[in-house]
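[1] show me how the following folds:
(2 chains)
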There are 2 protein chains.
Amino acid sequence: MNNKNLLLVISGPAGSGKGTVVKEIMKESDSFAYSVSATTRQPRPGEVDGVNYYFVTREEFEENIKNDSLIEYTQYCGNYYGTINSKVKEALKEKNVILEIEVEGAMNVKKKFPDAVLVLLLPPDFKTLEARLRGRATETEDVIKARLEKSKIEMGCFEQYDYVVINKDEGAKKAALDIINITKSEIQRTSRRLEVKEHFYE
Amino acid sequence: MNNKNLLLVISGPAGSGKGTVVKEIMKESDSFAYSVSATTRQPRPGEVDGVNYYFVTREEFEENIKNDSLIEYTQYCGNYYGTINSKVKEALKEKNVILEIEVEGAMNVKKKFPDAVLVLLLPPDFKTLEARLRGRATETEDVIKARLEKSKIEMGCFEQYDYVVINKDEGAKKAALDIINITKSEIQRTSRRLEVKEHFYE
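    Next up is the predicted model:
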């Protein structure tokens, strides 16, 4: 067991490239694990319990809410999605754990895990964000507008994040390496190494 | 001009390998400059004003003290040594600036430059520190004992440092790369990137 592993929260507006960056992190380093969320929605074909999600019943999920066993949760299209405290703690024994979640959830994580490191992933500017969302061409104008509006609300939590990483257009690898680097650096923070002082004169 | 350059303070007990690590940092990266101290001692043969030290008169130095133009200063063997505020600010326009100073001076820097990043360089343990000091074989037992005692006092400021980097026996390069990494990571801290938020919706 290594108690120095970090809980890394990665947020960013739709179009920031979160998903790709997280995949790149996993590709570049084997010291990260992806936190698996719990959900009440039905598994889609090919989805595996404990890999894609922990698939639980509505009763189980609400029991978790009642017991304060979730770090954060949200409802979307009538289904619950959330992060189970004990699962994260278990995963942290082995590796750094990445939680890719929205701003509101991130703020809750910080409350329950004050040692968590919060990274806000952003495109270089608003124009790029807009261009990326339009470039997807899978969403209606209304959805795009709603997402851009939401990005403004999310930006309100800017100062609550520990780091801001810019995901430029040349690919997600640079941003992934930046985040890996931040993790290595954070592990050397004095507040995470108090045992060094404790044991130095033994 | 880049206002994102860092003032990096590196402290560590005698035997921590500070000097070698700083040299390695300069070798591995060209984005660091070494802060040149001012002193009232006479230049030794080969020493160049503005390179090894700024050689100043006692009157000039005391004028600087009076005008609060020094970030920190100390007296040693009857001579003054100190860091001139304006010289550091000038150097910061071009590169990250490394200040290799003692714990007491480091605390003063933090007061005058709250954005400075303080790194404490330590050997893996006290035995290694002792072995390194004895291994030099150039110092008397009294000096060695005094230095070991001093290291205990210095350790009292442990929590005031932002990072603790361990300089293991396999060479200073690893510690140097750690410190370069810390610098890159610190530049991405939200508190240093407030302009990103400001300009995002322009």
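
[2] got the buried residues for stretch A:136-155?
    For stretch A:136-155, burial by neighbour count (16 or more other CB atoms under 10 Å in any protein chain shown) applies to A:Ile144, A:Arg147, A:Leu148, A:Ser151, A:Glu154, A:Met155. Glycine gets a C-beta too; all of them are placed from N, C-alpha and C.

[3] the fourth one belongs to a helix, doesn't it?
    Right, A:Ser151. Yes: assigned with DSSP: H, G, I helix; E, B strand; the rest coil, A:Ser151 falls within a helix.

[4] distance check, it against B:Lys87.
    Look at A:Ser151 and B:Lys87: by CB to CB, to the nearest Å, they are 43 Å apart.

[5] leaving out chain neighbours, which residue sits closest to the residue of chain A found nearest chain B?
    Per CB to the nearest CB, the residue of chain A with the smallest distance to chain B is A:Ser185, at 3.6 Å. Nearest in space to A:Ser185, with sequence neighbours left out and distances taken as CB to CB, 6 or more residues apart in numbering or on different chains, is B:Ser185 at 3.6 Å.

[6] so where do the strands sit in chain A?
    A:7-11, A:32-34, A:38-39, A:54-55, A:70-76, A:79-84, A:96-100, A:117-122, A:163-166 (DSSP state E).

[7] closest to B:Asn52 out of the ones you listed?
    Nearest to B:Asn52 among these is strand A:163-166 (37.3 Å), distances taken as CB to CB.

[8] quick one: name the residues of chain A near chain B.
    Counting by CB under 8 Å from any CB of the partner chain, chain A comes close to chain B at A:120, A:122, A:125-126, A:152, A:155, A:158-159, A:161-166, A:178, A:181-182, A:184-186, A:188-191, A:193-194, A:196-197, A:199-202.

[9] buried ones from those, can you make that a ChimeraX selection?
    Buried subset of the residues of chain A next to chain B, written as a ChimeraX selection, criterion 16+ other CB under 10 Å:
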select /A:120,122,126,155,158,161,162,163,164,165,166,178,181,182,184,185,186,188,189,190,193,196,197,200
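
[10] in helices only, show me the residues of chain A next to chain B.
    Within those, residues falling in helices by DSSP state H are A:126, A:152, A:155, A:178, A:181-182, A:184-186, A:194, A:196-197, A:199-200.

[11] partners of the nearest residue to A:Ile84 once chain neighbours are set aside in the sheet?
    Using CB to CB, 6+ apart and skipping residues adjacent in sequence, the residue nearest A:Ile84 is A:Ala38, 5.3 Å away. Assessed by DSSP bridges, A:Ala38 has beta-bridge partners A:Tyr54, A:Gly82.

[12] where are the low-confidence patches of chain A?
    Chain A contains residues with pLDDT under 70 at A:1-3, A:170.

[13] how about A:Val21, what does it touch?
    Taking CB atoms under 8 Å, 6 or more residues apart in numbering or on different chains, we find A:Val21 in contact with A:Ile10, A:Leu121, A:Asn167, A:Ala172, A:Ala175, A:Ala176, A:Ile179.

[14] sorry, that was for A:Tyr161
    With contact taken as CB under 8 Å, 6+ apart, A:Tyr161 is in contact with A:Ser11, A:Ala106, A:Leu118, A:Val119, A:Leu120, B:Thr190.

[15] how close does the last one sit to B:Glu62?
    Separation of B:Thr190 from B:Glu62 (CB to CB) stands at 41 Å.

[16] over to the second one?
    Here A:Ala106 is placed at a distance of 53 Å from B:Glu62 (CB to CB).

[17] can I get the contacts of A:Val21 in JSON lines with neighbour count?
    JSON lines is the format used below for the contacts of A:Val21 (neighbours: other CB atoms under 10 Å in any protein chain shown):
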{"residue": "A:Ile10", "neighbour count": "25"}
{"residue": "A:Leu121", "neighbour count": "25"}
{"residue": "A:Asn167", "neighbour count": "25"}
{"residue": "A:Ala172", "neighbour count": "20"}
{"residue": "A:Ala175", "neighbour count": "27"}
{"residue": "A:Ala176", "neighbour count": "24"}
{"residue": "A:Ile179", "neighbour count": "27"}
